[in-house]
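Enquirer: Got a predicted structure plus its sequence, pasted below:
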Amino acid sequence: APQLRASSFVGGAGAADEAGKHSAHFDDPEGVVSMSVRVRRPLPQETAVGGALNPLDPTRAHLRALTSAGDDRIQAARDAIRKMTRKARQAGEVVPETAPLTIGQVAHRLMQSGD
């Protein structure tokens, strides 16, 4: 097998060209084989969950959708409580502070009750 040696290297020790790419060219001293390699840092959208390099499997995608839907439900419940509290206070009633239960609070209650 031919031994390749680097004949040129652009972008060593953390340096890169204007496009953020590192490249190296390797030559065989016998002139049989030549190889060029170009590498670049992945873009943030490529490394994001659900991107090309980190795809979501169907189960994770479903769980992610449930989590965001749960956040929306809690926010809607908070808004409803806020409106009811405001109306009751405007009518002169004394209203205790209330808040909707989060998923963590429900889980905590269930663990303490043994269910």
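Expert: Yep, it's here.

Enquirer: going forward, measure contacts between C-alpha atoms and count neighbours the same way
Expert: Fine.

Enquirer: Could you verify that His22 is part of a strand?
Expert: Yes. Judged by DSSP: H, G, I helix; E, B strand; the rest coil, His22 forms part of a strand.

Enquirer: Run through the bridge partners of it.
Expert: With DSSP bridges as the criterion, His22 is bridged to Val39.

Enquirer: Which strands and helices lie in contact with the longest helix anywhere in the chain?
Expert: Secondary structure of the chain per DSSP state H: the longest helix is helix 58-90. In terms of contacts (3 or more Cα pairs under 8 Å, 6 or more residues apart in numbering; DSSP states H and E), helix 58-90 is not packed against any helix or strand.

Enquirer: buried set for stretch 84-96?
Expert: By 16 or more other Cα atoms under 10 Å, the buried positions in stretch 84-96 come out as Thr85.

Enquirer: Output it in PDB with nothing but the alpha carbons.
Expert: Output in PDB follows, covering the C-alpha atoms of stretch 84-96 (Å, rounded to 0.1, in the frame of the first residue of the first chain):
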ATOM      1  CA  MET A  84     -61.300  34.900  36.500                       C
ATOM      2  CA  THR A  85     -59.200  36.400  39.400                       C
ATOM      3  CA  ARG A  86     -59.200  39.800  37.800                       C
ATOM      4  CA  LYS A  87     -63.000  39.800  37.300                       C
ATOM      5  CA  ALA A  88     -63.600  38.500  40.900                       C
ATOM      6  CA  ARG A  89     -61.300  41.200  42.400                       C
ATOM      7  CA  GLN A  90     -63.000  43.900  40.300                       C
ATOM      8  CA  ALA A  91     -66.300  42.700  41.800                       C
ATOM      9  CA  GLY A  92     -64.800  43.100  45.300                       C
ATOM     10  CA  GLU A  93     -64.400  39.500  46.100                       C
ATOM     11  CA  VAL A  94     -61.400  38.100  48.000                       C
ATOM     12  CA  VAL A  95     -59.700  35.600  45.800                       C
ATOM     13  CA  PRO A  96     -57.000  33.200  47.000                       C
END
